[in-house]
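In: Pasting the sequence and the predicted model now:
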Amino acid sequence: MNDDGHHQFGMSRRELEHECRWITRHVKNEPLVKLLTDMIVALIDKNNAKIAKHHGRQDDKPGAP
């Protein structure tokens, strides 16, 4: 589980940042690449949190596995 008590869905923010650094390793010190990477990681992280929150509500329903 992550810090907010939800199950982890998708990659963690740290894993996303690591993958973005790996993918953009050949691009050195480009501010636009860093900005885009930060935006993409933030969007995916927020989407994962929303999926986890929605899934948590589903688990609270009677008869949920």
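Out: Now that the structure is in, tell me what you want to look at.
In: buried residues in the lowest-mean-pLDDT helix or strand in the chain?
Out: Between all helices and strands in the chain, the lowest mean by mean pLDDT, DSSP states H and E belongs to helix 31-60, at a mean of 87. Applying a neighbour-count criterion of 16 or more other Cβ atoms under 10 Å, one finds 37, 41, 44-45, 48-49, 52 buried in helix 31-60. Yep, even glycine has a C-beta here, placed from its N, CA and C like the rest.
In: Just checking the distance from that helix to the centre of its chain.
Out: Distance of helix 31-60 from the chain centroid (Cα atoms, centre = their mean, to the nearest Å) equals 4 Å.
In: Quick check, central residue of the protein?
Out: Centroid-nearest residue in the chain, with Cα atoms, centre = their mean: D45, separated by 2.6 Å.
In: Compute the distance between the nearest residue to it once chain neighbours are set aside and N29, please.
Out: Once flanking residues are discounted, D45 sits nearest to R13: 4.6 Å by Cβ to Cβ, 6 or more residues apart in numbering. For R13, the distance to N29 equals 22 Å [Cβ to Cβ, to the nearest Å].
In: G10 too?
Out: Taking Cβ to Cβ, one finds G10 at 29 Å from N29.
In: just K53 next, same as before
Out: Distance from K53 to N29, by Cβ to Cβ: 36 Å.
In: out of the buried residues of helix 31-60, who's nearest E19?
Out: E19 lies nearest to V41 out of these, by Cβ to Cβ, at 8.9 Å.
In: Give me the distance between that closest one and H26.
Out: Separation of V41 from H26 (Cβ to Cβ) stands at 18 Å.
In: Also H54?
Out: 37 Å.
In: ok, for V27, nearest residue in space, not its chain neighbours?
Out: V33 (4.9 Å).
In: Is that neighbour in contact with R25, as I believe?
Out: No - using Cβ atoms under 8 Å, V33 makes no contact with R25, being 10.6 Å away.
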